[in-house]
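# sharing a sequence plus its predicted fold:
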Amino acid sequence: MNRYCSAFCVALALLAGTAVSAEGPKPLTAQEATDAAAETQMRINDAIPIVGKLEDDPKASDLLGKAKGLVIIPHYLQAALVLGGRGGLGLLLVRRGMKWSDPVFYKISGGSFGAQIG
C-alpha cells in the first residue's frame with residue numbers, strides 16, 4: 001500500500017510540474033529584448049580578447065587546436081567570509097569539424113558555507 005502511495009505521489013508531482021511548465025515563457029517587451037541583445041553582444045566582445053590570448057600562447061594554441069569545446073567566462077567573481085558566493089557570465093563554443101558552433105550563453109553561480117575567508 002505504501003509503495004503505491006509513493007508512486008501515486010511521484011506521478012502527481014510530475015503532472016503538476018508539467019501543468020506549470022505548459023504555460024511557457026512570457027514574451028519579452030521591446031526594452032527587455034534590446035537589453036538582452038546588448039548583454040549578448042557584451043559577452044561576445046569580452047570573450048574575443050581571451051581567445052586572442054589563447055591563440056598567442058603556443059601551449060594554449062595547441063590545446064585549442066585539439067579542443068572539442070570551449071567555455072569562456074571573462075568575468076568570474078568569487079568572495080567568501082563564512083558564507084561564500086561565486087558566479088559569472090560566459091559562453092560555450094563547440095567544434096564541429098573545422099568550424100566552431102554559434103555561442104551558447106551561460107550564467108553560472110554557486111555558494112558555500114563554512115570556515116573560509118577570501
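Good, I have the coordinates. Numbers count the residues shown, from 1 in each chain.
# which of the residues in the host helix or strand of Q31 are buried?
Secondary structure from DSSP states H and E places Q31 in helix 30-56. Residues 43, 46-47, 54 are the ones in helix 30-56 that count as buried (16 or more other C-beta atoms under 10 Å). In this view, the C-beta of every residue, glycine as well, is placed from N, C-alpha and C.
# again with stretch 95-111
Applying a neighbour-count criterion of 16+ other C-beta under 10 Å, one finds P103 buried in stretch 95-111.
# what's the answer for stretch 78-95, then?
By 16+ other C-beta under 10 Å, the buried positions in stretch 78-95 come out as 80, 84, 89-91, 93.
# which secondary structure element of the protein has the lowest mean pLDDT?
When the helices and strands of the chain are scored by mean pLDDT, DSSP states H and E, helix 2-21 comes last with a mean of 45.
# which among the buried residues of helix 30-56 gets closest to S101?
The nearest member of the buried residues of helix 30-56 to S101, counting by C-beta to C-beta, is A47 at 13.6 Å.
# contact partners for that closest one?
72, 74, 90-91, 103 (C-beta atoms under 8 Å, 6 or more residues apart in numbering).
# what's the most distant pair in the residues you listed?
P74 and P103 (12.5 Å).
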